[in-house]
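> Please find the sequence and the predicted model below.
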Amino acid sequence: MTHYAYLLRCADGTFYAGYTTDPERRVDEHNAGEGARYTRGRTPVELVHVEPFESRSAAMSREYELKQLRRAEKATLADDGGP
């Protein structure tokens with residue numbers, strides 16, 4: 001099963017990083033208010049970057065790396081690597 005690390009742009013311009021097995025379903029969950037607490041007040045969210053991985057642990061490691069990036073670095077990823 002493929003796992004994904006992803007980056008969302010929230011309505012307030014902030015970014016949120018996560019991991020999932022189904023990026024489109026997960027974005028729908030975030031937009032429905034069923035996702036992470038962080039995104040609930042920042043809808044709608046837009047999927048701006050996604051990376052596939054063979055294992056859950058690899059996707060989780062990349063999610064952590066994405067969370068550690070500076071805002072400008074996240075913006076560069078968002079501009080360069082959309083879905």
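Right, received. Where do you want to start?
> mind listing the helices for this structure?
Assigned by DSSP state H, the helices in the chain fall at 23-31, 37-40, 56-68, 71-80.
> Tell me the gap between the first one and the middle of its chain.
Spelled out, that is helix 23-31. 10 Å (CA atoms, centre = their mean, to the nearest Å).
> helices or strands next to that helix in the packing?
strand 3-9, strand 15-20, strand 46-53 (3 or more CB pairs under 8 Å, 6 or more residues apart in numbering; DSSP states H and E). Glycine gets a C-beta too; all of them are placed from N, C-alpha and C.
> 7 Å instead, please
In terms of contacts (3 or more CB pairs under 7 Å, 6 or more residues apart in numbering; DSSP states H and E), helix 23-31 is packed against strand 3-9, strand 46-53.
> That helix to strand 15-20, inter-axis angle?
Angle between the axes of helix 23-31 and strand 15-20 is 130 degrees (criterion: axes from the mean of the first three to the mean of the last three CA atoms, to 10 degrees).
> hmm, who's touching helix 23-31?
Helix 23-31 is touched from outside by 4, 6, 8, 18, 20, 35-36, 39, 43-45, 47, 50, 83, with contacts defined as CB atoms under 7 Å, 6 or more residues apart in numbering.
> go with 10 Å
For helix 23-31, the surrounding residues in contact (CB atoms under 10 Å, 6 or more residues apart in numbering) are 4-6, 8, 10-11, 16, 18-20, 22, 34-36, 38-40, 42-47, 49-52, 83.
> Pull out the buried members of the residues you listed.
Neighbour-count burial (16 or more other CB atoms under 10 Å) applied to the contacts of helix 23-31 gives 4-6, 8, 10, 16, 18-20, 35, 39, 42, 45, 47, 49-51.
> I appreciate the help and will end here.
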